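1. let's see this in three dimensions:
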Amino acid sequence: MQQRDPPDESGEPQDKPAALNRSSFIEWRTAALLMVVLMAAVVLWFEPWSERRVEPASLERMASPLPDKPSIAVMPFANLSDDAGQEDFVDGMTEDLISDMSAMSDLFVVAQEPVFEYKGGEYRVRDVAENFSVRYVLEGGVRRAGVRVRVKVQLIDALSGDYLWAETIDGVYDDVPAMRARIAQTVLGQLTIEQ
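-> As a prediction, this is how the structure comes out:
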């Protein structure tokens, strides 16, 4: 509906100039264009299509040469529960996973004591790989609520910076050994494919 000015001296209403309507349209169009440009900048910055998520490690900066078989550091899993009392359970899950994977003759696994020095702190995958001379890093988190357990894991190739595998595994407390075995076997399968 067209806006009208109050009546003039003759008593007839006057139409508002079309320039005002064009002006508000131009302002709206400019705001919309700015939003599109801002959204495009955010997408370009985060590159959601890119597999690369971490800065790659360098073979030259590694403390020693890589082992002849796939090498991995299993980092201390994070406690994703609101209950700080679950910390021991989460640490136990990490320790048992390290033990399970160390028993596999096809893998070189960093012992739990050195990796637990990183517990609770910030770290870069690149630094972990270079310090321990490993190609792969496994990260994760555990949430426990009653008997329900959820484990989130992600496997990273530190030399390329690519995420090779990520999964969320749900189960109950009695399933924890089977959940660990599934993680270990999947990691072994992924690393065998990569080598």
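2. pretty sure V149 contacts R143?
-> Yes - the pair V149 and R143 passes the contact test of CB atoms under 8 Å, sitting 7.3 Å apart. The C-beta positions use only the backbone N, C-alpha and C, and glycine is treated the same way.
3. who has more neighbours, the two?
-> Under the neighbour definition other CB atoms under 10 Å, V149 and R143 were set side by side, and V149 has more, 22 against 19.
4. could you report the pLDDT at the closest residue in space to the more buried one that isn't next to it in sequence?
-> Nearest in space to V149, with sequence neighbours left out and distances taken as CB to CB, 6 or more residues apart in numbering, is G171 at 5.4 Å. Per-residue confidence at G171 stands at 95 (pLDDT).
5. helix/strand/coil for G171?
-> Here G171 is strand, with the state taken from DSSP: H, G, I helix; E, B strand; the rest coil.
6. any chance you could map the helices in the protein?
-> Defined through DSSP state H, the helices belonging to the chain, from first to last, are 18-46, 87-102, 112-115, 125-132, 176-194.
7. R182 - how many residues pack around it?
-> As a burial measure, R182 scores 16 neighbours (other CB under 10 Å).
8. got it, and F108?
-> Residues lying near F108 (other CB under 10 Å) number 21.
9. got it, and A166?
-> In terms of burial, A166 registers 12 neighbours under the definition other CB under 10 Å.
10. and it, what pLDDT?
-> Listed pLDDT for A166 reads 95.
11. and the residue nearest to it when sequence neighbours are not counted, how far is that from S160?
-> Nearest residue to A166 in three dimensions, chain neighbours excluded: Q154, at 4.1 Å (CB to CB, 6+ apart). Spatial separation of Q154 from S160 under the definition CB to CB, to the nearest Å is 14 Å.
12. with A84 instead?
-> Distance of A84 to S160, computed by CB to CB: 36 Å.
13. of those two, which one has the most company?
-> Applying other CB under 10 Å to A84 and S160 shows that S160 carries more neighbours, namely 15 against 8.
14. quick one: I72 and L188 touch, right?
-> No - contact criterion CB under 8 Å: I72 and L188 do not qualify, at 9.5 Å.
15. can you pull the residues that touch both of the two?
-> Common neighbours of I72 and L188 (criterion: CB atoms under 8 Å, 6 or more residues apart in numbering): 101, 107.
16. look at those two and report which has more neighbours.
-> Taking neighbours as other CB under 10 Å, I72 and L188 compare with I72 leading, 26 against 16.
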